[in-house]
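[1] any chance you could fold what I've pasted below:
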Amino acid sequence: MARTRGVGAAAAALGIVVVLAAAAAFHGAEGKACTNAFTGLASHTERAAAQLRSAPALPEPVHRGHNHGDGHDHEQHLTPTDESTWMSLLPRRALRREEAFDWLMLYRKLRGGAGEPGTGAAGAFLSEASLHDVRLEPGTLYWRAQQTNLEYLLLLDVDRLVYNFRTQAGLTAPGTPYGGWEGPDVQLRGHFVGHYLSATAKMWASTHNDTLNTKMSSVVDALYDCQKKMGTGYLSAFPAEFFDWVEAIKPVWAPYYTIHKIMQGLLDQYTVAGNSKALDMVVKMADYFSDRVKNVIQKYSLERHWESLNEETGGMNDVLYQLYTITKDQKHLTLAHLFDKPCFLGLLAVQADSISGFHSNTHIPVVIGAQMRYEVTGDPLYKQIASFFMDTINSSHSYATGGTSAGEFWTNPKRLAQALSTENEESCTTYNMLKISRNLFRWTKEIAYADYYERALINGVLSIQRGTDPGVMIYMLPQAPGKSKAVSYHGWGTKYDSFWCCYGTGIESFSKLGDSIYFEEKGDIPALNIIQYIPSTFNWKTTGLTVTQQIKPISSSDSYLHVSISVSAKTNSQSATLKVRIPSWTSTSAKATLNDKDLGSIYPGSFLSISKQWNSEDHLLLHIPIMLRTEAIKDDRPEYASLQAVLFGPFVLAGLSTGDWNAKAGNATVSDWITAVPSSYNSQLVTFTQVSNGKTFVLSSANGSLTMQERPEVDGTETAIHATFRAHSQESTGLYDIYSATIKGTSMLIEPFDLPGTVITNNLTLSAEKGSDSFFNIVPGLDGNPNSVSLELGTRPGCFLVTGTDYTAGTKVQVSCKSSLQSVGGIFEQAASFVQTAPLRQYHPISFVAKGVKRNFLLEPLYSLRDEFYTVYFNLGA
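    Numbering: from 1, shown residues only. This next block holds a predicted model:
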């Protein structure tokens, strides 16, 4: 039924007579190919690897299939009726060679022969709050992510960023170029600079950092000089000959993709940062590429141009629609239409879930452009396309994180179980899916889109930064059991030698964290939609009100999300409406008070709407239940029904594990097999160290063995996990600070951090059973150092854990007993003495213990993990 309704809607939107006539004319005709690229090397990863291996200036095409298991390089997506109907709405030649090229005439042909440009723009939507008016609360999670990104943007050097542009323009290029995908021999060079322009514009709006303003203006000035020197309107870090290859359907790495990034960056510098020079540069670029596309259509056909769109073009349609809203130039609107990839949008128009095998991040931006087409033209078909696409991803192709893609591609619908690997959820796709959900929310005000945004932002975006390390991000977000963000094909990137596509979208994502918290609704009584719980302040200029949102730190031991929204007015009694999202993941027990007055029942998946005359010191409090739940993987085969992720409200919880994923859930409710870690347990954590050969080593428990490992120099490592222990008595609820004051003369259980409920025995084995052989006496260090301790076996007084002398990493810890005589040179005493230090790792405020078949799992938010190995999906049927 859904498919039938979709065909009808598409026919109505396109003109039923034209559609049916075209379908009849092409009955039995061979469908046109809709592919990912001209060559078999369709993914960015593969093409980067090929170019960085040899790095010729203009490489010969490399013919090699990739190995993602679905044969994407041969996927042609032939759907004769649907695609022929869509693409054959136009004659083979849009214009004869002898005709003068008329953009209005071409526009009318693209519209099925009717309609004037710009006359059918869609109705009023919610307006995004300007980043200039939103400030994140210092010290919070989102603020730290923003500041880490700001630090990185300030580290990057202007001359190095624009080196390849200057070289291409024939200008003097001081300094040296950056490496990675911005290297001078990489065909995609220049793409990151476009992202940098977008990111800095939005970061400057978010912070008004003067140094950043100067830096981004210098980049625009340098690019302006390059464009002026070339004199044609062309601007790029690679030669224009790349587009000759595109037009000849010859292999080249996505030049339009890079052009989109540059044009979008310049347009953002104009619309967000107010740099009028940047707008002039974008217009010149649009004029240059208008001429190129026009020449292809006149020389060959419109279909030849569309065939060239099988090479990734980024969001060319999107940026050109945006440009048209500013210039109202007919040429820009028609050119935007010409970058709407019809063979892909046609599948969505007839509501066919046939996206498997498509390169995800090639096609999500095309849908974003279709959304902009709807906003500009009012054509409801493109609203339907976006809605169907979002529903398709959410129902069949997304992980618990909200992300999508496997090895950069879409798999068959509802077949994600076998797609789990280190190469899941390309970061770029999450960045772009957030744009789609954001637009849909602006149009519809449906809670589901805001819920999706929250889920993907927390688990997909916040997960890609390595803590507060500036310029260290990931490409993929692993979802397979026992994987690490640090151990994948790309792993963590570097500040100056990565510059992957996901670095570009990454710096943008963390520059605009404030852009989807607040949305304004125009009207006689203005309204403000608050859809994300992010501590921040919004200067609501329309009403003269300032809205401040504060969140009590979330903890696994508190089953509520506590939100405080205060309003202050510049003048008295401002009439307005506040609409606050009540998420779908909560329960009917949610409560709200306004100035201490109970507002009655509020319901999940709705808005709490309050209209009143607002005065200073009005105070809204929300107490929203936040609960544990499991969510099945999107795979409809019965044998995979037991694979489920664990969530706490919107937070995906990952279990620290190197591969085990068998949970002991049985038929119990979630609260029966998952329990919160008390915050007091942090005071029971400790790390034991020794010095050997001038290096500091830590006692480590991994793979069932106790060894000494070098103390890591950075936070967030797997070593830190294994070198942290919970030392506690049989009664584990006691509140004491084990690492601020050395505990001596006490008997303790020693529990590895990542194995809750498991203790080290006197035999140096691991056991879930706690008996007399599970205790260690923590006694004053045998070496006589007042700061050291020795670990004596509870069942064997006088026997201790010992290391050795002059040892190296990996040395096993053993048990040795002290004789009645002092050892020669105090060697034994030194080997049996450790310094008890602050733990290398602590429990995250949101921490749980999940029962497992062989061992228990420590669950923490996926976004908080760095190098640790983890599992997202658990087998609940073990």
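[2] how about the residue nearest to Lys215 when sequence neighbours are not counted, what does it touch?
    Distances taken as C-beta to C-beta, 6 or more residues apart in numbering put Val158 closest to Lys215, at 6.1 Å, once the chain neighbours are dropped. Heads up, the C-betas are built off the backbone N, CA and C, glycines and all. By C-beta atoms under 8 Å, 6 or more residues apart in numbering, the contact list for Val158 reads 215, 218-219, 222.
[3] how many residues are close by Lys854?
    By the criterion of other C-beta atoms under 10 Å, Lys854 has 10 neighbours.
[4] hmm, it is touching Trp661, no?
    No. At 10.6 Å, Lys854 does not count as touching Trp661 under the criterion of C-beta atoms under 8 Å.
[5] may I have the beta-bridge partners of the nearest residue to Val815 once chain neighbours are set aside?
    Of all residues not flanking Val815 in the chain, Cys799 sits nearest, at 5.5 Å (C-beta to C-beta, 6+ apart). Beta-bridge partners recorded for Cys799 (DSSP bridges): Cys817.
[6] isn't Cys799 right up against Lys818?
    Yes. Counting by C-beta under 8 Å, Cys799 touches Lys818, with 7.5 Å between them.
[7] what about the helices in the stretch 601-750 of the chain?
    670-673, 718-722 (DSSP state H, counting those that start in this stretch).
[8] would you list these in a markdown table and tack on mean neighbour count and mean pLDDT?
    Formatted as a markdown table, these follow (neighbours: other C-beta atoms under 10 Å; pLDDT from 0 to 100):
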| stretch | mean neighbour count | mean pLDDT |
| --- | --- | --- |
| helix 670-673 | 15 | 93 |
| helix 718-722 | 23 | 97 |
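[9] dump the residue contacts of the residue nearest to Val815.
    792-793, 815-818.
[10] which of these has the largest number of neighbours?
    Glu792 (23 neighbours).
[11] how many other residues sit next to Arg866?
    Residues near Arg866, counting by other C-beta under 10 Å, number 21.
[12] what secondary structure does it sit in?
    Assigned by DSSP: H, G, I helix; E, B strand; the rest coil, the conformation of Arg866 is coil.
[13] surely it touches Gly467?
    Yes. Applying C-beta under 8 Å, one finds Arg866 in contact with Gly467, separated by 5.6 Å.
[14] list the residues that contact both of these two?
    715-716.
[15] and the residue nearest to Lys215, how close does it get to Thr148?
    According to C-beta to C-beta, to the nearest Å, Val158 stands 21 Å off from Thr148.
[16] repeat for Ser679
    From Ser679 to Thr148 the distance is 26 Å (C-beta to C-beta).
[17] repeat for Glu425
    Glu425 is 21 Å from Thr148, by C-beta to C-beta.
[18] which one's more surrounded, the two?
    Shown here are Glu425 and Thr148; by other C-beta under 10 Å, Glu425 has more neighbours (28 against 19).
[19] tell me who's in contact with the more buried one.
    Neighbour list for Glu425: 399, 401, 403-405, 460, 476-477, 479 [criterion: C-beta under 8 Å, 6+ apart].
[20] if I look at it, how far off is Tyr256?
    In terms of C-beta to C-beta, Glu425 sits 25 Å off from Tyr256.
[21] how about Tyr324?
    Taken as C-beta to C-beta, the span from Tyr324 to Tyr256 is 18 Å.
[22] Trp410 too?
    On the measure of C-beta to C-beta, Trp410 and Tyr256 end up 21 Å apart.
[23] and the helices of the stretch 601-750 of the chain as TSV, adding distance to Gly804?
    What follows is the helices of the stretch 601-750 of the chain, written out as TSV (distance: least, C-beta to C-beta, whole Å):
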stretch	distance to Gly804
helix 670-673	42
helix 718-722	19
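[24] can you map out the helices along the stretch 751-878 of the chain?
    Ranges of helices within the stretch 751-878 of the chain are 827-831, based on DSSP H, counting those that start in this stretch.
[25] can you show me the strands along it?
    759-760, 766-767, 775-780, 788-793, 799-802, 811-812, 814-817, 834-837, 848-850, 857-861, 869-871, 873-875 (DSSP state E, counting those that start in this stretch).
[26] by mean pLDDT, which helix or strand of this protein comes out lowest?
    helix 16-25 (a mean of 26; mean pLDDT, DSSP states H and E).
[27] circling back to that earlier point, indicate which one of the strands of the stretch 751-878 of the chain is closest to Leu578.
    Nearest to Leu578, of all the strands of the stretch 751-878 of the chain, is strand 857-861, at 28.7 Å by C-beta to C-beta.
[28] got the contact list for the closest one?
    For strand 857-861, contacts defined as C-beta under 8 Å, 6+ apart pick out 458-459, 646, 648, 651-657, 660, 663, 674, 677, 753-756, 843-844, 846-850, 871, 874.
[29] can you flag the buried ones in those?
    By neighbour count, with 16 or more other C-beta atoms under 10 Å, those hold 458-459, 646, 648, 651-657, 660, 663, 674, 677, 753-756, 843-844, 846-850, 871, 874 as buried.
[30] need phi/psi at the closest residue in space to Phe607 that isn't next to it in sequence.
    Leaving aside its chain neighbours, Phe607 sits nearest to Lys579 (4.4 Å; criterion: C-beta to C-beta, 6+ apart). Main-chain dihedrals, Lys579, degrees, to the nearest 10: phi -120, psi 110.
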